[in-house]
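S.K.: build me a model:
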Amino acid sequence: MMVKKMKKKMLIICLCFMAWIFLAGGSAFGITLNYSSIPDASITFYGTSKTFEFPDSGNDFQIVNVAGGSEALGLYGNIDGTFTIGAITTTPLGFGTTFQYAKVSGEGTFEIDDESGFFLNGNLQWIDIYTVGNNISTTGALNTLGVINITDITYEGENADLLLFANSNAAGNLTFQFLFPGLSLTQLTEDGAENPTSYSGSVSSIPVPPTALLLGSGILGLVAWGWRRGRKED
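M.R.: Alright, predicted model coming up:
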């Protein structure tokens with residue numbers, strides 16, 4: 001009986017150790033790729049259709065900084081797709097400044113060229129958009145909530161940064177700015193309007209996917225079950 005109890009306790013200790021390694025190790029890795037639009041590339045808003053897109057001009061952006069790596073620095077990429085701006089809500093902030101917010105629909109693609117014949121590819125879906133400012137200067141951003149918006153990421157090359165990024169889901173945001181005059185969402189969606197602007201943004205990997213969390217929860221649940229059963233038999 002004593003040997004049986006010791007085996008159960010050793011099993012529980014091993015399961016606890018496995019769960020700790022799995023959960024701690026799975027959340028320890030991540031990477032953020034910061035990028036900026038390059039000359040002749042833009043995000044363009046079309047008022048009549050209340051849409052925006054990234055017109056095809058070759059490359060759309062270049063990675064200018066990497067947090068958590070270095071091999072992706074300087075690589076070029078593209079954003080494709082047409083996205084629709086939904087109903088706009090306006091909040092006055094005082095002193096002639098307003099905040100405008102809208103949901104965004106539509107799907108596109110996100111791509112990075114590793115310059116060795118391989119591409120990182122993912123499906124892109126912007127979540128929302130806002131502008132804040134006045135008639136002198138207006139700043140805006142896409143996917144302000146930071147939720148997952150790049151999925152089904154694939155990459156078959158050997159760039160360490162892109163491999164790390166590919167083994168995850170990703171969330172990212174993008175900012176843009178209009179100067180003289182500043183343009184709000186209302187103005188960007190006016191019939192006949194066509195407004196291009198430069199931009200910058202970042203995408204961050206989310207290293208623990210939902211399946212890993214479920215597996216980790218299952219291991220911890222097994223540990224708890226074994227501990228309760230062991231106590232009852234004692």
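
S.K.: hey, what's residue 111 bridged with?
M.R.: residue 78, residue 121 (DSSP bridges).

S.K.: how far away is it from residue 101?
M.R.: According to Cβ to Cβ, to the nearest Å, residue 111 and residue 101 sit 28 Å apart. From N, CA and C alone the C-beta is placed, and that goes for glycine too.

S.K.: secondary structure class of residue 161, three-state.
M.R.: helix (DSSP: H, G, I helix; E, B strand; the rest coil).

S.K.: and the residue nearest the centre of the chain, how far from residue 96?
M.R.: In the chain, the centroid-proximal residue (Cα atoms, centre = their mean) is residue 171; its distance is 1.1 Å. Residue 171 is 33 Å from residue 96, where distance means Cβ to Cβ.

S.K.: same question, residue 141
M.R.: For residue 141 relative to residue 96 (Cβ to Cβ), the value is 20 Å.

S.K.: so for these two, which sits in the more crowded spot?
M.R.: residue 141 (17 against 10; other Cβ atoms under 10 Å).

S.K.: what sits against the closest residue to that one other than its chain neighbours?
M.R.: For residue 141, ignoring the flanking residues on the chain, the nearest one in space by Cβ to Cβ, 6 or more residues apart in numbering is residue 175 at 4.7 Å. Each residue near residue 175 by Cβ atoms under 8 Å, 6 or more residues apart in numbering is listed here: 139, 140, 141, 142, 199, 200, 201.

S.K.: on that earlier part again, give the contact list for the residue nearest to the centre of the chain.
M.R.: With Cβ under 8 Å, 6+ apart, residue 171 has these contacts: 143, 146, 147, 148, 149, 150, 203, 204, 206.

S.K.: what sits against residue 106?
M.R.: 51, 81, 82, 83, 84, 125, 126.

S.K.: right, I mislabeled it, should have said residue 123
M.R.: Residue 123 is in contact with 107, 108, 109, 110, 150, 151, 152, counting by Cβ under 8 Å, 6+ apart.

S.K.: give me the buried positions along stretch 101-116.
M.R.: Buried residues in stretch 101-116, counted by 16 or more other Cβ atoms under 10 Å: 101, 102, 104, 108, 110, 111, 112, 113, 114.

S.K.: measure the fifth one to residue 139 for me?
M.R.: Noted for residue 110: a distance of 22 Å to residue 139, by Cβ to Cβ.

S.K.: please apply the same query to the fourth one.
M.R.: In this view, residue 108 and residue 139 are 23 Å apart by Cβ to Cβ.

S.K.: quick check: residue 93 touching residue 131?
M.R.: No: if you go by Cβ atoms under 8 Å, residue 93 and residue 131 don't touch, sitting 11.6 Å apart.
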